[in-house]
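Chemist: How does the following fold in three dimensions:
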Amino acid sequence: MTSSDSIRMENLSYSIGGRKILEGFDFHLERGVNRTILGVSGAGKTTILKLLLGLLEPDSGAVFIGDLRITGLAESSFMQQRKRIAIVFQGGALFDSMTVGENVGYRLFEEGRLSDGEIVEIVREKLSFVGVEAALNLYPSELSGGMKKRVAIARALAADPDYIFFDEPTTGLDPIGVYNICNLMQRLQAEGKTTLMVTHDLATAFATSQRFTFLHEARMLFEGSEEEMKGSTIPEVREFLEPTTRSLFI
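Modeler: Modelled structure (predicted):
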């Protein structure tokens, strides 16, 4: 696997108001290897996604998209590389004033490379893929939580990215909604998309990923397979997998 087929962090540190979020953090997302970053709420998982996208600047260390070091560059200098990545935000982040179809096609309309007819065809195709084509002319306020998540996935797919980031994709969903999201992620992976998810939902993580990173107190405590994680003797990993009375009220 070459560096052009990966996104990575090297010795990265990041803090907010003097509080360390990440320290000496190394991370490597290779094409074709689907990963999940696990950790308790507030551990800094979503911050990692923002740093990988260049939305935040680290205190030290570097982020690379392919062969390009994006740390320290103006956003305009790496926009083309960042188009290889799409993100599905925790709340969907749909535009309330736009229909579902307008939301899904938004990035394509902004780029102006395709005709309106071509964009509409792509929008219908992606909505059909996630099973909500009938919602084309509805507004986000008319959708259930699960439908909003699926529309957000359709929007991420519209620009045909190589990598898709998922920020807590199953939060607030009922078991059927969780099943649908897991199924969609598995279908995306089967089509060659590389996924990176941050979550504390173990069932979803183990259903959709092959490699796992465990984040604790600003550092990576564990990186490995599901089997290796379940067999880990690291106390913090064991407590995360199987909480005991020592976890009460912490």
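
Chemist: Least confident secondary structure element in this structure?
Modeler: helix 79-82 (a mean of 86; mean pLDDT, DSSP states H and E).

Chemist: which residue ranges form the helices in the protein?
Modeler: 45-52, 79-82, 100-111, 116-129, 145-158, 175-190, 202-208, 226-230, 235-241 (DSSP state H).

Chemist: Any idea which of those gets closest to residue 215?
Modeler: With Cβ to Cβ as the measure, helix 45-52 is the member of those nearest residue 215 (6.2 Å). Backbone N, C-alpha and C define where each C-beta goes, glycine included.

Chemist: I would like the residues contacting that closest one, please.
Modeler: 7, 9, 12, 14, 21-22, 25, 27, 29, 37-39, 56, 58, 63, 65, 85, 87, 90, 165, 167-168, 196, 198-199, 215 (Cβ atoms under 8 Å, 6 or more residues apart in numbering).

Chemist: Restricted to buried residues, select those in ChimeraX.
Modeler: Of the contacts of helix 45-52, the buried ones go into a single ChimeraX selection, burial set by 16 or more other Cβ atoms under 10 Å:
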select :7,9,12,14,21,22,25,27,29,37,38,39,58,63,65,85,87,90,165,167,168,196,198,199,215
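
Chemist: Now go through the contacts of helix 45-52 and say which are in strands.
Modeler: Using DSSP state E, the subset of those located in strands is 7, 9, 12, 14, 21-22, 25, 27, 29, 37-38, 63, 65, 85, 87, 165, 167, 196, 198-199, 215.

Chemist: Quick check: buried residues in the least confident helix or strand of the chain?
Modeler: Within helix 79-82, the residues that count as buried by 16+ other Cβ under 10 Å are 81, 82.

Chemist: do stretch 194-212 as well
Modeler: 194-202, 204-205, 207-209, 211-212.

Chemist: Quick check: end-to-end length of that stretch?
Modeler: Using Cα to Cα, to the nearest Å, one end of stretch 194-212 lies 14 Å from the other.

Chemist: what's the closest non-adjacent residue to residue 62?
Modeler: Once flanking residues are discounted, residue 62 sits nearest to residue 71: 4.3 Å by Cβ to Cβ, 6 or more residues apart in numbering.

Chemist: for residue 139, same thing?
Modeler: Distance criterion Cβ to Cβ, 6+ apart; nearest residue to residue 139, sequence neighbours excluded, is residue 99 at 5.9 Å.

Chemist: OK, contacts around the one you found?
Modeler: Contacts of residue 99 by Cβ under 8 Å, 6+ apart are 136, 137, 138, 139.

Chemist: List just the nearest of those residues to residue 183.
Modeler: Using Cβ to Cβ, the shortest approach to residue 183 within those belongs to residue 136, at 21.3 Å.

Chemist: Using CSV, lay out the helices of the chain together with distance to residue 94.
Modeler: Shown next, in CSV, are those (distance: least, Cβ to Cβ, whole Å):
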stretch, distance to residue 94
helix 45-52, 18
helix 79-82, 20
helix 100-111, 5
helix 116-129, 13
helix 145-158, 6
helix 175-190, 16
helix 202-208, 21
helix 226-230, 32
helix 235-241, 32
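
Chemist: Sweet, I'm off.
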